[in-house]
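1. With the input below, show me the fold.
(chains A and B, ligands or ions: 1)
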Amino acid sequence: MSGQHSTYEPKTGFTRWLDSRLPIIRLGWDSFIDFPTPKNLNYWWTFGGVLAMCLGIQIATGVVLAMHYTPDAGLAFNSVEHIMRDVNHGWMIRYIHATGASMFFLAVYIHMLRGVYYGSHKAPREILWILGCVIYLLMMATGFMGYVLPWGQMSYYGAVVITNLFGAFPIIGKGVTTWLWGGFAVDNPTLNRFFSLHYLLPFMIAGVVVLHIWALHVPGNNNPTGVNVKSKEDTIPFHPYYTVKDGFAMVCFLILFAVFVFFMPDALGHADNYVPANPLQTPAHIVPEWYFLPFYAILRAVPDKLTGVLAMFGAVGVLFALPWIDHSKVRSMRYRPAAKLFFIIFVLVCVGLGFCGANPPDKPLFGDGGIGFTLGDANLNSFVWLSRFLTAYYFAFFGILFVLGFVEKPLPVPDSISTPALSEKKG
Amino acid sequence: MLRKTTVLAAFGFALALVGVAAPASAATTEREPKEASWSFEGPFGKFDQAQLQRGYKVYHDVCGTCHGMNLLSYRNLADKGGPFYSEKYPNPNDSPFAKAIAKDFQVADIDSETGDAIQRPATTSDHFRQPFPNEAAARAANGGAAPPDLSLMAKAREGGPRYIYSLLSGFVDPPAGLTVTPGKYYNPYYQGDLSGFWTGAKDKVPVGGLIGMPPPLHDDAVTFDDGTKATIDQQAKDVSAFLAWAAEPHQEERKKTGFAVLIYLAIFAGLLYASYRRVWRNIAH
Ligand code: HEM
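-> The predicted structure is shown next:
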């Protein structure tokens, strides 16, 4: 895939024959065996491989689940319990798939923050970054629709809340929601189409991942210094160096994964989803899965529904423009102390937003409501006000990055990857 | 290059997410479930078969008159890990215990010769018999509140078995000043908002709610075959254990498999780390 000279040499008669017809082994060789990779990649770079593994796990377990699942509003809940109880190892397959979604998002968030920190989104990797954002959007759609399939209380009311968001748009809103539902409420047609799309999207993700890796292999990997590869000294072949390093990281990730699957499989879910969907009984608190909580908090931070919906979509949309917002010539924040500080705050703010999303907006942060005073429409001592401040920072961060590009004075950047690697032994 | 702090941070982040996922309540209140422990808790926990049998007895004699458990079949009682499992009968459908339990229930069927609706004794493959023919009947018999199915109850409430145990053993006389609707019962562990029923001081509204279930347990209302004294507390604990098993019959198998998987992965990770160190030994990085 790369512009690199290929070193693949077919050794047998068959591989020579194949190579002159469909050079697929050469493609694999050039991409994953001989691919010149910076020698200083740290463990944050292993999450790309972890993500590929997660996608594989989700597809493999998902296909098996689909063999036993029934997408019918009257039968879906019990068909999932049939998987849990009667299908051989069905409980394991389902727990892996359910936990796997969380693990996938954990990995993608680390992968994306890694990109922001080390400037991996900057030229010449803008397309690579945008393809990543497309993958992320597809993942969110897939995760959301997957959560609806067991047709428990949270499935149902999650679907109601999210599809109703589209109703906030003027004129077209009502038509769009009816179109999404396939009727006048979330019901059997909604479940059926969500199942169909939940099966389809992962394969579309797989397609975009191919493009993503293609776009990676043209400019090659970024690295923790953000300095371009200058000579052969700076790189090592992907195999065996990174196959073994990524492999080690993947197995460590699998250990965390297994702890959740086998010892706390329901910790990341919600008890209400073990109650069959009941359109007549709204649960006391509707909360999405943890990986959507920051966006849920942004949505609820804004009093006006339409503005809230736009802010929520904007929070994802702004990522697409990041390569042009963060225009500092220095890629890695390792040499950008100010940017680094704002970045660390940004990460904390995202976690804080997740916390706000999990709590009712009017709940006091401290004490039982006696403390604090009313500001605007709510007590200042409440989650809604916290989420407003955090939302403001979330968006301000991108403005700060833009301004820093002009005013920040970066630290000296090493001449090449090999220079610091030889002197300071740091990751 | 292995930055322990960064790896730790990643783990910490993952754990923080678990904390974040815990929801909270607003206007409604309920008392924290009581402290209680069961043999099946923790990574090494196993169900206590005698307790499961007592728990089934409580369900059969008491709860079953109002609550169904539609996700269970009689054969499940004799499944591996279940209350009536015996090594002699690897196939639960052969189990004399499951057969004996099933045949005492009459279930609806169609006579295949005549097509008439009939009642016949249940077999091991039948689902637990529903106490009411439909939800309307269940509601009508219980003052408007349909008793929920108990198959998944231990997973469907925050706190699981601890919640069920606290609810069942936590019925108390309503505090003076609380107007209890006829057919409802005060329970501090049940989630509710009692401000509308409270005539006392505004900031002293009792925690808990009014539930449509009359206190179901009474001392010695059941007799345990193993001689255990049937206090309310004991019955509540045993039936909660039974419901925990019923909600996830493969729990023991899950944890056992988990250990094998973790040991395998740990060894695999160790080997990979050693290979990594060896492969990279000549690379300055
Ligand atoms: C299905 C999900 C995804 C898979 C399977 C995947 C896979 C990969 C792989 C294998 C790599 C190379 C190894 C590495 O640098 O970590 C990579 C690199 C990259 N990915 Fe992803 N990715 C996914 C999602 C995303 C998303 C959502 C984004 C950002 C919005 C993203 C942005 C990037 C960037 C910028 C790089 C280049 C990193 C560098 O060399 O510095 N990826 N991805």
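2. make it CA atoms for all contacts and neighbour counts henceforth
-> OK.
3. Tell me the spacing between the nearest residue to A:Ala338 once chain neighbours are set aside and the ligand.
-> Excluding its sequence neighbours, the residue lying closest to A:Ala338 (Cα to Cα, 6 or more residues apart in numbering or on different chains) is A:Glu408, at 7.1 Å. The gap separating A:Glu408 from the ligand is 22 Å, by Cα to the nearest ligand atom, to the nearest Å.
4. Need the pLDDT of A:Glu408.
-> Note on A:Glu408: pLDDT of 95.
5. Look at it and say how many residues are nearby.
-> 14 (other Cα atoms under 10 Å in any protein chain shown).
6. And for A:Asp415?
-> Neighbours of A:Asp415 using other Cα under 10 Å come to 12.
7. Quick one: classify it as helix, strand or coil.
-> State at A:Asp415, reduced to three classes by DSSP: H, G, I helix; E, B strand; the rest coil: coil.
8. What's the separation between A:Gly352 and A:Phe343?
-> Applying Cα to Cα, to the nearest Å, the value for A:Gly352 to A:Phe343 is 14 Å.
9. And for B:Ile101?
-> For B:Ile101 relative to A:Phe343 (Cα to Cα), the value is 64 Å.
10. more neighbours, the two?
-> A:Phe343 (20 against 16).
11. Need the nearest residue in space to the more buried one, chain neighbours excluded.
-> A:Phe343 sits nearest to A:Tyr117 (Cα to Cα, 6+ apart), 7.2 Å away.
12. Helix or strand: which one has that neighbour?
-> helix A:90-118 (DSSP states H and E).
13. Now do the strands in the stretch 301-427 of chain A.
-> Listed in chain order, the strands of the stretch 301-427 of chain A (DSSP state E, counting those that start in this stretch) span residues A:374-375, A:378-379.
14. Which of these has the highest mean neighbour count?
-> Of all the strands of the stretch 301-427 of chain A, strand A:378-379 has the most neighbours on average by mean count of other Cα atoms under 10 Å in any protein chain shown, namely a mean of 16.
15. packing partners for that one?
-> Identification of packing neighbours for strand A:378-379 by 3 or more Cα pairs under 8 Å, 6 or more residues apart in numbering or on different chains; DSSP states H and E yields helix A:383-407.
16. list the buried ones in the helix it packs on?
-> By 16 or more other Cα atoms under 10 Å in any protein chain shown, the buried positions in helix A:383-407 come out as A:383-388, A:390-391, A:393-394, A:397-398, A:400-402, A:404-405.
17. Just the CA atoms of stretch A:406-417, as CSV, please.
-> What follows is stretch A:406-417, C-alpha atoms only, in CSV (Å, rounded to 0.1, in the frame of the first residue of the first chain):
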residue,chain,number,x,y,z
PHE,A,406,0.0,31.3,17.1
VAL,A,407,1.1,32.2,20.5
GLU,A,408,2.7,29.2,22.1
LYS,A,409,6.5,28.9,22.3
PRO,A,410,7.3,25.2,22.0
LEU,A,411,10.3,23.5,23.6
PRO,A,412,13.2,22.5,21.3
VAL,A,413,12.2,19.5,19.1
PRO,A,414,14.8,16.8,18.5
ASP,A,415,16.3,16.7,15.0
SER,A,416,15.3,13.1,14.5
ILE,A,417,13.7,10.1,16.2
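18. re the thing from before, would the helix holding A:Tyr117 count as contacting the ligand?
-> Yes. Contact of helix A:90-118 with the ligand (Cα under 6 Å from any ligand atom) involves A:108, A:112, A:115.
19. Can you check the pLDDT for the last one?
-> Listed pLDDT for A:Gly115 reads 98.
20. Which residue comes closest to it once chain neighbours are left out?
-> Here the residue nearest A:Gly115, using Cα to Cα, 6+ apart, is A:His121, at 6.2 Å.
21. which residues touch the one you found?
-> A:His121 is in contact with A:115, A:128-129, A:322-323, counting by Cα atoms under 8 Å, 6 or more residues apart in numbering or on different chains.
22. do B:Asn76 as well
-> So B:Asn76 contacts B:82, B:92 (Cα under 8 Å, 6+ apart).
23. How much space separates it from the ligand?
-> 40 Å.
24. my read is that residue is in a strand, agree?
-> No. Assessed with three-state DSSP, B:Asn76 is helix; it does not lie in a strand.
25. any idea how far B:Gln191 lies from the ligand?
-> 40 Å.
26. what sits against that residue?
-> Residues near B:Gln191 by Cα under 8 Å, 6+ apart: B:28-30, B:208-209.
27. burial measure for residue 210, as a count.
-> Looking at chain A here, since you left the chain open. Neighbour number of A:Val210 under other Cα under 10 Å is 13.
28. Switch to chain B, please.
-> By other Cα under 10 Å, neighbour count at B:Leu210 equals 21.
29. What ranges in the stretch 151-285 of chain B fall below the confidence cut-off?
-> The model of the stretch 151-285 of chain B has pLDDT under 70 over residues B:285.
30. tell me which element B:Asp226 falls in.
-> Using DSSP H and E, B:Asp226 falls outside every helix and strand.
31. who's in contact with it?
-> B:Asp226 touches B:Ala50, counting by Cα under 8 Å, 6+ apart.
32. From A:Trp29, how far out is it?
-> From B:Asp226 over to A:Trp29 the distance is 68 Å, taken as Cα to Cα.
33. ok, now B:Asp233?
-> For B:Asp233, the distance to A:Trp29 - Cα to Cα - is 67 Å.
34. helix/strand/coil for residue 70?
-> By default, I'm working from chain A. coil.
35. if you could check chain B rather than the one you did, that'd help
-> Applying three-state DSSP: B:Asn70 is coil.
36. Any idea how many residues pack against it?
-> Going by other Cα under 10 Å, the residues that sit close to B:Asn70 add up to 16.
37. How about the contacts made by it?
-> B:Asn70 sits in contact with B:127-130, B:149, B:151, where contact means Cα under 8 Å, 6+ apart.
38. Now do it against the ligand, distance only.
-> 39 Å.
39. For that residue, what are phi and psi?
-> phi -70, psi -20 (degrees, to the nearest 10).
40. in the helix or strand hosting A:Arg193, what counts as buried?
-> Using DSSP H and E, A:Arg193 maps to helix A:188-217. By neighbour count on 16+ other Cα under 10 Å, the buried set for helix A:188-217 is A:188-195, A:198-199, A:201-202, A:205-206, A:208-209, A:211-217.
41. For the residue in the stretch 101-250 of chain B that chain A sits nearest to, which residues are in contact?
-> Relative to chain A, the nearest point of the stretch 101-250 of chain B is B:Ala156 (4.6 Å; Cα to the nearest Cα). By Cα under 8 Å, 6+ apart, the contact set of B:Ala156 is A:271-275.
42. Could you identify which of the residues you listed has the most neighbours?
-> A:Tyr274 leads these on contacts (other Cα under 10 Å) with 24 neighbours.
43. Please tell me how far it sits from A:Leu201.
-> Counting by Cα to Cα, the gap from A:Tyr274 to A:Leu201 is 26 Å.
44. residues near the residue nearest to A:Phe398 when sequence neighbours are not counted, how many?
-> Leaving aside its chain neighbours, A:Phe398 sits nearest to A:Ile325 (6.8 Å; criterion: Cα to Cα, 6+ apart). Neighbour count of A:Ile325, defined by other Cα under 10 Å: 18.
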